[in-house]
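>>> 3D, please:
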Amino acid sequence: MIHAIAPELRRETKWGMPWYAGTDLVVLPVAYAEHVGVEFWRGTSLTDRHRLLEGTGKNLRHVKVKDIEEATSPGLIELLREAVALDRAEPPRTRSTPRAAVH
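As a prediction, this is how the structure comes out:
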């Protein structure tokens, strides 16, 4: 579903996990024993009209998906589209390298 909504996203490994990224990290599907977690990097910036997001971190929020109906629900699709649109609206991140100490 992620690829269907945003084929331009690339897989990028961060902290040993396969994130989907555009100008920044966007979404991470994680398999657990009883559900799949769909992690949104900028989850606190999403509207979440269907009240699916969980979590208390500074930015990260997740949705617990327990079956195919939840995986294809309009609410989750809306969150994915909004997360991708938010990423597309942002300029590409520049990552600076630390400067050498001046003596």
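>>> shouldn't Thr44 be in contact with His62?
No: between Thr44 and His62 there is no contact under C-beta atoms under 8 Å: 11.6 Å. Backbone N, C-alpha and C define where each C-beta goes, glycine included.
>>> can you map out the strands along this protein?
Assigned by DSSP state E, the chain shows strands spanning 10-14, 17-21, 25-31, 36-40, 61-65.
>>> so can I have TSV of the ones you listed showing distance to Leu76 and mean pLDDT?
Formatted as TSV, those follow (distance: least, C-beta to C-beta, whole Å; pLDDT from 0 to 100):
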stretch	distance to Leu76	mean pLDDT
strand 10-14	19	95
strand 17-21	14	96
strand 25-31	10	96
strand 36-40	7	97
strand 61-65	6	97
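>>> wait, which of these is closest to Thr72?
strand 61-65 (9.4 Å; C-beta to C-beta).
>>> angle of that closest one against strand 25-31?
Between strand 61-65 and strand 25-31, the angle comes out at 30 degrees (axes from the mean of the first three to the mean of the last three C-alpha atoms, to 10 degrees).
>>> which parts of strand 61-65 are buried?
61-63, 65 (16 or more other C-beta atoms under 10 Å).
>>> would a markdown table of these with distance to Glu90 be doable?
Compiled in a markdown table, the buried residues of strand 61-65 are given as follows (distance: C-beta to C-beta, whole Å):
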| residue | distance to Glu90 |
| --- | --- |
| Arg61 | 17 |
| His62 | 21 |
| Val63 | 22 |
| Val65 | 26 |
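>>> Which one of those is nearest to Trp19?
When the buried residues of strand 61-65 are compared against Trp19 (criterion: C-beta to C-beta), the nearest one is His62, at 12.9 Å.
>>> where in this structure is pLDDT low?
Along the chain, segments meeting pLDDT under 70 span 92-103.
>>> longest single helix anywhere in it?
helix 74-89 (DSSP state H).
>>> Can you give the distance of that one from its chain's centre?
9 Å (C-alpha atoms, centre = their mean, to the nearest Å).
>>> Can you spell out which helices and strands pack onto it?
helix 2-5, strand 25-31, strand 36-40, strand 61-65 (3 or more C-beta pairs under 8 Å, 6 or more residues apart in numbering; DSSP states H and E).
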